[in-house]
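>>> Dropping a prediction and its sequence here:
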Amino acid sequence: MRGCRGSHHRAGQRPRERARHGVCRCRETDYSGNASRLRGHQRVRVAATELSFAHSGAAPLYSGLSFRAEGGDLVALTGPSGSGKSTLLSLLGGWLAPTAGTLEISGDERVALVSQNPHGVPGRTALDHVCLPLVAAGMRRDEAVTAAREYLSLVRLEHVAERPYRMLSGGERQRMLLARALASRPGMLLVDEPTAQLDAASAREVCEVLSNLGQRGALIFIATHDHRVVDACSRVIDLLTVVPPAAEVSS
Ligand SMILES: Nc1ncnc2c1ncn2[C@@H]1O[C@H](COP(=O)(O)OP(=O)(O)OP(=O)(O)O)[C@@H](O)[C@H]1O
């Protein structure tokens with residue numbers, strides 16, 4: 001296994017290429033099917049220093065945004081619509097580069113994104129979806145099935161493992177995609193508005209799952225408007241206060 005290199009995203013630097021579902025430049029060869037441990041990677045650390053970002057031709061979304069976070073943190077990104085929550089996820093994922101300041105990421109850089117609108121293959125089962133990143137990473141199919149069942153159980157979906165995607169509810173789809181993202185064993189998990197499309201009961205289930213995931217060692221950033229999601233998080237970065245001055249980071 002080869003270690004991940006740390007990276008700086010500096011102002012003016014081209015965003016690096018990165019696969020959306022947690023494939024990094026290191027080789028991950030140790031798949032045992034045990035869903036409960038992170039192997040061979042140091043916990044990710046993120047340090048944003050005096051970060052500014054503006055989309056081309058637009059006013060800055062934030063300037064002077066500074067925060068630190070590391071594996072095990074469950075961080076809510078809050079702020080009104082248009083304050084730049086999804087944009088900050090893209091900066092953290094390396095798909096955008098800061099306009100000024102630095103975003104330093106070291107340790108386990110593997111990243112996975114769960115987007116706001118769940119997508120899946122209608123006829124494929126939940127189990128198939130979670131197996132995919134495991135098989136793609138070289139795991140044998142039978143081992144992948146065992147591991148995928150563990151990830152599904154982590155998000156309380158073992159009972160729908162054999163159900164096709166088209167028959168899953170909105171909340172089940174979100175949780176299944178969280179399980180699939182976790183199956184790629186990211187150091188950092190980026191989640192965009194996980195409860196936006198959900199009714200109260202499904203949103204509560206997703207919050208409970210997110211709260212448990214925070215204890216697994218990955219660094220999780222969640223862009224959200226939902227106070228229930230914020231309550232499930234251990235830290236909050238409020239972008240309301242960085243349009244444009246300084247971020248308020250509370251524990
Ligand atoms: N590619 C782009 N080019 C120019 N402007 C963009 C681009 N992407 C987003 N924006 C603008 O940047 C601002 C921040 O968008 P972003 O999606 O990050 O906000 P948000 O806080 O996640 O919003 P919401 O809560 O509504 O999802 C918005 O005004 C949006 O229109």
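Received it, and whenever you're ready, just let me know what you need.
>>> for stretch 163-179, which positions count as buried?
Neighbour counts using 16 or more other Cβ atoms under 10 Å place 164-165, 168, 170-179 of stretch 163-179 among the buried residues. The C-beta positions use only the backbone N, C-alpha and C, and glycine is treated the same way.
>>> try stretch 69-79
Quick answer for stretch 69-79 (16+ other Cβ under 10 Å): 69-71, 73-79.
>>> Let me see the ranges of the helices in this structure.
All helices of the chain, identified by DSSP state H, fall at 85-93, 126-136, 141-154, 170-183, 200-213, 227-232.
>>> and among those helices, the most buried is which?
Across those, averaging neighbours per residue (mean count of other Cβ atoms under 10 Å) puts helix 170-183 on top, at a mean of 25.
>>> ok, back up a step: reformat the helices of the chain into a markdown table and put mean pLDDT and distance to Glu104 next to each item.
Shown next, in a markdown table, are these (pLDDT from 0 to 100; distance: least, Cβ to Cβ, whole Å):
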| stretch | mean pLDDT | distance to Glu104 |
| --- | --- | --- |
| helix 85-93 | 95 | 11 |
| helix 126-136 | 95 | 27 |
| helix 141-154 | 93 | 30 |
| helix 170-183 | 90 | 23 |
| helix 200-213 | 80 | 24 |
| helix 227-232 | 88 | 26 |
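>>> Look up phi and psi at the residue of the chain most remote from its centre.
Largest separation from the mean C-alpha position in the chain: Gly57, at 28.2 Å (Cα atoms, centre = their mean). Dihedral pair for Gly57: phi 80, psi 0, per degrees, to the nearest 10.
>>> Run through the residues of this structure sitting next to the ligand.
Proximity of the chain to the ligand (Cβ under 6 Å from any ligand atom) is limited to residues 55, 58, 61, 79, 81-87, 223.
>>> so which pair among those residues is furthest apart in space?
The largest separation in the residues of the chain next to the ligand, counting by Cβ to Cβ, is between Ala58 and Ala223 at 18.6 Å.
>>> between those two, which one's more packed in?
The neighbour comparison of Ala58 against Ala223 (other Cβ atoms under 10 Å) goes to Ala223, with 26 against 8.
>>> Met176 contacts Leu152, doesn't it?
Yes: using Cβ atoms under 8 Å as the test, Met176 is close enough to Leu152 to be in contact (7.2 Å).
>>> Overlap in contacts, these two.
By Cβ atoms under 8 Å, 6 or more residues apart in numbering, Met176 and Leu152 have these common neighbours: 126, 130, 160.
>>> thinking the second one is in contact with Met176, fair?
Spelled out, it's Val130. Yes: between Val130 and Met176 a contact is recorded at 6.8 Å, counting by Cβ under 8 Å.
>>> Please name the bridge partners of the residue nearest to Leu89 when sequence neighbours are not counted.
Leaving aside its chain neighbours, Leu89 sits nearest to Leu190 (4.6 Å; criterion: Cβ to Cβ, 6 or more residues apart in numbering). Counting by DSSP bridges, Leu190 forms beta bridges with Leu113, Phe221.
>>> residues contacting the residue nearest to Ser234 when sequence neighbours are not counted?
Distances taken as Cβ to Cβ, 6+ apart place Leu74 nearest to Ser234, at 4.8 Å, with adjacent residues excluded. Listed by Cβ under 8 Å, 6+ apart, the contact set of Leu74 reads 210-211, 213-214, 220, 222, 232-235.
>>> Please apply the same query to Thr49.
Counted by Cβ under 8 Å, 6+ apart, Thr49 has contacts 66, 101-104.
>>> repeat that for 7 Å
Thr49 sits next to 66, 101-102 when contact means Cβ atoms under 7 Å, 6 or more residues apart in numbering.
>>> ok so, going back, between the buried residues of stretch 69-79, which is nearest Asn117?
For the buried residues of stretch 69-79, the minimum distance to Asn117 (Cβ to Cβ) is 17.8 Å, reached by Leu77.
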